[in-house]
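Asks: Sequence and predicted structure are below.
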Amino acid sequence: MPTEKEGPQQAFDKELEKFKTLQEIVQKSYEARMGLVSQQQETEMVKEEFDTLEEGATIFKLVGPVMVKQQVDDAKGNVEKRLEYIKGELERSDDLIKSQEKDMTEKQQVLMKMQQAVQEAQQSAAAAGAA
């Protein structure tokens, strides 16, 4: 809202900048969520591959520049843990995006009210100048 030293237009411009910043934050949150979805899909593909392994199959894990033999049960457990972690992060991401969108909607309503105040101030100034 305008302070004593700034007019309605300056206050509106400041709020508009805050809104644009919030839009950028929401966009980054969506991009992060898309990355999580991609990781989830990749991990589910690995899980499906593990489910089709024959009895006694050998699994190797890349650790730095070296391939290390890993127990099938350990590998499956790691994949399950990874899927649970990603699921939790997706839920957290969804909650964050929901909150950010709510903030954006509220900021948008404030901007609309401020824009009306700016227009009214301009009309008043024009009417005073014409008189």
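Replies: In hand now; what should we look at?
Asks: Please list all residues in contact with the residue nearest to the spatial centre of the chain.
Replies: If you average the C-alpha coordinates of the chain and look for the closest C-alpha using CA atoms, centre = their mean, you land on residue 29, 1.4 Å from that point. Under the criterion of CB atoms under 8 Å, 6 or more residues apart in numbering, the neighbours of residue 29 are 93, 96-97, 100. Every C-beta, even on glycine, is put in place using the N, C-alpha and C of the backbone.
Asks: quick one: it from residue 8, how far?
Replies: According to CB to CB, to the nearest Å, residue 29 stands 31 Å off from residue 8.
Asks: Residue 127 now?
Replies: According to CB to CB, residue 127 and residue 8 sit 16 Å apart.
Asks: just residue 104 next, same as before
Replies: 22 Å.
Asks: before we move on, what about residue 30?
Replies: As defined by CB to CB, residue 30 lies at a distance of 32 Å from residue 8.
Asks: Between those two, which is the more surrounded one?
Replies: Between residue 30 and residue 8, counted using other CB atoms under 10 Å, residue 8 has the larger neighbour count: 18 against 14.
Asks: pretty sure the more buried one is in contact with residue 114, am I right?
Replies: Yes - with contact defined as CB atoms under 8 Å, residue 8 reaches residue 114; the gap is 6.7 Å.
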